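Engineer: pasting the sequence and the predicted coordinates here, then a few questions.
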Amino acid sequence: MTPDDITRTFLDHYHRHGHQDAPESSLVPPPGDPVLFTTSGMHPLTPYLLGRPHPGGRRLANVQRCLRTTDLDEVGDSTHLTVFQMLGSWSLGDYDIATSLRWGFGLLTDGFGIPAGRLHATVFGGGGDGEGPDDTARDTWTGLGVPVEALGEDNWWSNGPTGPCGPDSEIFVWTGDGPPTGTPSTDARWVEVWNHVQMRYHRHPDGRLTPLPHSSIDTGMGLERLEMVLRGDRSVFTGDGLRPWVDAVGERWDLRGADLRVVSDHLRSAVVVLGDGVRPGNTGRGYVLRRLLRRALTVLWRDDPARTLNDLPPQVYGDTLRRFRQPVDVGSLHATLVDEERRFRGLLRRGRSLVDRVRARGPLTERDYHWLHDTHGLPRDLVDGLLAEAS
């Protein structure tokens, strides 16, 4: 199944169960939202999970582009991405977790054709705040014939230190060659594909939990990871959304393994961030975008400083913008990328001499790092990279 097939199957399933399409949001949250980027499908729906009526009703579904900076250091393996698409469904005070899990099981087995014997679930087994185990989710999975593992805080979901939260049930698919063995917490060949969260509580800044006006269900399933599982692959980078970047980067530059995945992910992510109107800068969202581009360029230039983003074909940018439903001019986007590349080259030329001058006096102090950043715009990770390059 292509990503378009998967998305259509997902939405059709929930349409048959009375769900309306929730509008997709930008990666850039509205003014007043404290987070830099939309990190999950539920993020734009937070006011409605807290009790406000949604104009689309109490049953919703959509596909939402997301960005998670918390996964940046893990990008380079076979399953983590900076920007990805999230298939989501919601019950805003309507049906319960048992219904959500049964519908989810039906979609995975009948809609996507995953054998029930390759599924495993985890549920909340109780936590330190006094919440009891999620017996309903456990009993629902047992009744469906799916093995269950009860865990602690790993099955408690929140979108940050405060806000809506609650117990969740995660669904895993066996990706090993032989019969399934072990459990999701003991064998990495169990790959998580879907999370069903019961939004029951609001966590306050002092850590208190108070019940929400109504209990809601929030589910999220990564499109790229589901495509990987359905293709029988073990890497998201073989899928339709990542393959154009892997091919374009790998054909032009001699990169392999984690380096190839990092460059492909970061450039693709930068295109999506640019597509939502963010421009490179020294703070906030602009700095995240700048960091993505500079990490990719640092890897590219490690063996050959002459490599340039001008070598990439415009089709690879256009394909990503289409997949993320962003009607942006490819030419202007490419010009922004090349201009940022030019700025970074200039910064590296100046930065090497500055860092060498400071380093000649001895190991860099915190004061040195602050001076290099505040006066010359050299962030710590770039300074550390120049130090490693010189040693």
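Structural biologist: Thanks, I have the structure now. Residues are numbered from 1 along each chain as shown.
Engineer: so which bits of the worst-scoring helix or strand of the chain on mean pLDDT are buried?
Structural biologist: Lowest by mean pLDDT, DSSP states H and E among the helices and strands of the chain is helix 380-390, with a mean of 78. For helix 380-390, a neighbour-count test (16 or more other CB atoms under 10 Å) marks 382-383, 385-386 as buried. To be clear about C-beta, it is placed using only N, CA and C from the backbone, and glycine gets the same treatment.
Engineer: can you check stretch 258-272 too?
Structural biologist: If you call a residue buried by 16+ other CB under 10 Å, then stretch 258-272 has these buried ones: 259-272.
Engineer: dump the buried residues of helix 380-390 to CSV, plus distance to Val316.
Structural biologist: What follows is those, written out as CSV (distance: CB to CB, whole Å):
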residue, distance to Val316
Leu382, 26
Val383, 32
Gly385, 26
Leu386, 30
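Engineer: quick one: distance of the strand or helix carrying Phe84 to the chain centre.
Structural biologist: Using DSSP states H and E, Phe84 maps to strand 83-91. In terms of CA atoms, centre = their mean, to the nearest Å, the centre of strand 83-91 is set 10 Å apart from its chain centre.
Engineer: can you check stretch 373-388 too?
Structural biologist: For stretch 373-388, the distance to the chain centre is 27 Å (CA atoms, centre = their mean).
Engineer: do the same with stretch 297-306
Structural biologist: On CA atoms, centre = their mean, the centre of stretch 297-306 falls 26 Å from the chain's centre.
Engineer: still on that earlier bit, and which of the buried residues of helix 380-390 is nearest Thr181?
Structural biologist: Gly385 (41.6 Å; CB to CB).
Engineer: list the contacts of that closest one.
Structural biologist: Thr298 (CB atoms under 8 Å, 6 or more residues apart in numbering).
Engineer: now the helices for the stretch 151-300 of the chain?
Structural biologist: Per DSSP state H, counting those that start in this stretch, the stretch 151-300 of the chain carries helices over the ranges 223-231, 243-252, 257-275, 284-301.
Engineer: list the contacts of the second one.
Structural biologist: Right, helix 243-252. 237-238, 255-256, 260-261, 263-265, 267-268, 307, 311-313, 315-316, 319-320.
Engineer: can I get it in CSV, CA atoms only?
Structural biologist: Extracted C-alpha coordinates of helix 243-252, given in CSV (Å, rounded to 0.1, in the frame of the first residue of the first chain):
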residue,chain,number,x,y,z
ARG,A,243,13.0,7.0,-0.8
PRO,A,244,13.3,10.1,-3.2
TRP,A,245,15.6,11.8,-0.7
VAL,A,246,17.7,8.7,0.0
ASP,A,247,18.1,8.1,-3.7
ALA,A,248,18.8,11.8,-4.6
VAL,A,249,21.4,12.1,-1.7
GLY,A,250,23.0,8.7,-2.2
GLU,A,251,23.3,9.1,-6.0
ARG,A,252,25.1,12.4,-5.8
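Engineer: average pLDDT for it?
Structural biologist: Averaging pLDDT along helix 243-252 gives 97.
Engineer: what's the answer for stretch 21-39, then?
Structural biologist: 90.
Engineer: pull the CA atoms of that stretch into CSV?
Structural biologist: The C-alpha trace of stretch 21-39 is given here as CSV (Å, rounded to 0.1, in the frame of the first residue of the first chain):
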residue,chain,number,x,y,z
ASP,A,21,-12.4,15.2,9.1
ALA,A,22,-10.6,17.6,11.5
PRO,A,23,-8.7,20.3,9.6
GLU,A,24,-5.0,19.8,9.3
SER,A,25,-3.0,22.4,11.1
SER,A,26,0.4,24.1,10.3
LEU,A,27,3.6,22.9,12.0
VAL,A,28,3.5,26.4,13.5
PRO,A,29,1.1,26.6,16.4
PRO,A,30,-1.2,29.7,16.8
PRO,A,31,0.0,32.7,18.8
GLY,A,32,0.1,32.2,22.5
ASP,A,33,0.9,28.5,22.3
PRO,A,34,4.1,27.9,24.3
VAL,A,35,5.5,25.1,22.1
LEU,A,36,7.6,25.8,19.0
PHE,A,37,6.0,23.2,16.7
THR,A,38,3.0,20.9,16.4
THR,A,39,4.3,17.7,17.9
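Engineer: please compute how far it lies from its chain's middle.
Structural biologist: Taking CA atoms, centre = their mean, one finds stretch 21-39 lying 14 Å from the centre of the chain it belongs to.
Engineer: in it, what's buried?
Structural biologist: Neighbour-count burial for stretch 21-39 flags 22, 25-29, 36-39 (criterion: 16+ other CB under 10 Å).
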